[in-house]
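Student: Next comes the sequence, and after it the predicted model I'd like to discuss.
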Amino acid sequence: MAAGGFSRLPNGTVVVALNLPRPLAEGSGSVRVLVHAQNRARALTRLRNLGLRAVYLRGNGAPPTPDEITAVLHHPDGLIWRTAPGVDALASELWHPIRALMRPAAPL
């Protein structure tokens, strides 16, 4: 169901990319989440510790692009997201820190 993949970097670390349903948001849609970690298991553990319990990486069908790898390596947390590519996604959308995704929407 969720596309994802990983890339091993020359220093031995990995960047994992996953397309996930948008949590805590109104409406439907998905997000592309990037995680930089020592290995794939630690990357998935980082997401599970944030409350995304049903996160699995099966196969390598949608590995991170070189631009995505650069973006996550330059972020201090090593954990970022943006709207997944699709019909309603903006090509110029910037990457966001994961805490912006996990925070509940402000009441109206």
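Tutor: Sure thing, it's come through.

Student: Next, the buried residues of the helix or strand bottoming out on mean pLDDT in the chain.
Tutor: The weakest-scoring helix or strand in the chain, judged by mean pLDDT, DSSP states H and E, is helix 98-102 (a mean of 77). Buried residues in helix 98-102, counted by 16 or more other CB atoms under 10 Å: 98, 101. The way it works is simple: take the backbone N, C-alpha and C, and place the C-beta from them, glycine included.

Student: same thing with stretch 49-62?
Tutor: Across stretch 49-62, burial judged by 16+ other CB under 10 Å covers 50, 52, 55, 57, 62.

Student: All the helices of the chain, in order from the start?
Tutor: Assigned helices in the chain, in chain order: 40-49, 66-73, 98-102 (criterion: DSSP state H).

Student: Report the residue spans of this protein with pLDDT below the cut-off.
Tutor: Where the chain drops to pLDDT under 70, the residues are 1-2, 23-28, 86-92, 102-108.

Student: in it, which residue is closest to the centre?
Tutor: V33 (0.8 Å; CA atoms, centre = their mean).

Student: In contact with L79, which residues?
Tutor: Residues near L79 by CB atoms under 8 Å, 6 or more residues apart in numbering: 33-36, 46-47, 72, 97-98.

Student: Sounds good, over and out.
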